[in-house]
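> fold the following and give me the result.
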Amino acid sequence: MRVTSPATVDHLDFAHQLADAAAEVQRRWFRAELEIESKLDESPVTIADRQTELLMREMIQARFPGHGIFGEEYGKQDVDAEFVWVLDPIDGTKSFICGRPQFGTLIGLLHQGQPVLGLIDQAILRERWVGVMNEPATFNGKSIRTRACPTLSQAVLASYSRRMFEKGPVRDAFDTLEEQVYLSQFNTDCYGYGLLAAGFVDLVVEQGLFPYDYLPILPILQGAGAVITDWKGRPVGLGSSGRVIAAGDRRVHEQALAMFEPLAD
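Next comes the predicted model:
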């Protein structure tokens, strides 16, 4: 890939190395007997999550000692650095522990706080999405684009769970959205965004996300022609609220945004 962004060819090659190493760890633990722990937010974590992130951190520190790291399991390190790696070792731990290959490793690179490189890797299916600023997004090395979808009635919706939306007007809005779309899929985590970029899903609506959940995905979606904003229609970035609407077609994005914008902070 020709790289014209602050993320260099070396950065891209290294991101692939991180993903390859993470995949080896996950293939060893997938559908194996695991001890499942609960974090403070009651989300599950396993030895596979922790080993994956520790390995990637060690590799980053050895190859780019001046770079920062922001990971889900072990937090922030030198995040004021010019380049910061953003890591979610297993996005979709619940799918992982259920033996479902609908999770992924997220690897992103920020330059001065802006996402310039992103990667989703599905270790079991050996699927990999890559996005680099100013370049077309790829799936297993081939360029991808979102598909046209003019109306919600034709749209495939992906989301983690309707339970992520608090009861009341927000959940009511999501339920109304689900009633209007052609088809809905749940427990998709990062995989849903990958399918959107590849033209198999049309819309993702979620809330309660953290920067490591969405920053690595941004270059992929943008390189595939997707639209992604918060619920106010603002660009998604490091300081965003964690409320996201992503769509492959701007028309569907506008229709979904109209339903959630009145509910946004």
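
> does residue 132 really touch residue 223, like I thought?
Yes - judged on CB atoms under 8 Å, residue 132 makes contact with residue 223 at a distance of 6.9 Å. C-beta: built from backbone N, CA, C; applies to glycine.

> give me the more crowded residue out of those two.
Of the pair residue 132 and residue 223, residue 132 is the one with more neighbours under other CB atoms under 10 Å, namely 29 against 23.

> where does the stretch 51-200 of the chain dip in pLDDT?
The stretch 51-200 of the chain contains no residues with pLDDT under 70.

> strands along that one, start to end?
68-71, 75-77, 83-91, 104-111, 114-122, 127-132, 138-139, 142-143, 156-159, 183-186 (DSSP state E, counting those that start in this stretch).

> now render those as CSV, adding distance to residue 240.
Shown next, in CSV, are the strands of the stretch 51-200 of the chain (distance: least, CB to CB, whole Å):
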stretch, distance to residue 240
strand 68-71, 14
strand 75-77, 17
strand 83-91, 13
strand 104-111, 13
strand 114-122, 11
strand 127-132, 18
strand 138-139, 25
strand 142-143, 27
strand 156-159, 17
strand 183-186, 23
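
> quick one: which of these is nearest residue 247?
Closest of the strands of the stretch 51-200 of the chain to residue 247 is strand 156-159, at 9.8 Å (criterion: CB to CB).

> packing partners for that closest one?
In this structure, strand 156-159 makes packing contacts with helix 169-180, strand 183-186, helix 189-197, strand 203-206, judged by 3 or more CB pairs under 8 Å, 6 or more residues apart in numbering; DSSP states H and E.

> how far out from the middle of the chain is it?
Offset of strand 156-159 from its chain centre (CA atoms, centre = their mean, to the nearest Å): 14 Å.

> what helices or strands is the host helix or strand of residue 12 leaning on?
Here residue 12 sits within helix 9-29, counting by DSSP states H and E. Packing partners of helix 9-29 (3+ CB pairs under 8 Å, 6+ apart): helix 47-63, strand 83-91, strand 104-111, strand 114-122, strand 127-132.

> could you dump the longest one to CSV, C-alpha only?
Presented in CSV, the C-alpha positions along helix 47-63 are these (Å, rounded to 0.1, in the frame of the first residue of the first chain):
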residue,chain,number,x,y,z
ILE,A,47,-6.3,-14.4,30.2
ALA,A,48,-6.6,-14.1,26.4
ASP,A,49,-7.4,-10.4,26.6
ARG,A,50,-4.6,-9.7,29.0
GLN,A,51,-1.9,-11.8,27.3
THR,A,52,-2.8,-10.3,23.9
GLU,A,53,-2.5,-6.7,25.1
LEU,A,54,0.7,-7.3,27.1
LEU,A,55,2.4,-8.9,24.1
MET,A,56,1.4,-6.0,21.8
ARG,A,57,2.6,-3.5,24.4
GLU,A,58,6.0,-5.2,24.7
MET,A,59,6.3,-5.2,20.9
ILE,A,60,5.5,-1.5,20.7
GLN,A,61,7.9,-0.5,23.5
ALA,A,62,10.7,-2.5,21.8
ARG,A,63,10.1,-1.2,18.3
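
> got the angle between that helix and helix 9-29?
For helix 47-63 against helix 9-29, the angle between stretch directions is 150 degrees (axes from the mean of the first three to the mean of the last three CA atoms, to 10 degrees).

> now swap in the third one and tell me
Computed with the same axes, to 10 degrees, the direction of strand 104-111 lies at 160 degrees from that of helix 9-29.

> packing partners for strand 104-111?
On a contact count with 3+ CB pairs under 8 Å, 6+ apart, strand 104-111 meets helix 9-29, strand 83-91, strand 114-122, helix 189-197, helix 211-214.

> I'd like to know which of these lies nearest to residue 142.
Per CB to CB, nearest to residue 142 of those: helix 189-197, 12.0 Å.

> can you name the residues that contact residue 52?
Residue 52 makes contacts with 22, 25, 26, 89, 90, 105, as judged by CB atoms under 8 Å, 6 or more residues apart in numbering.
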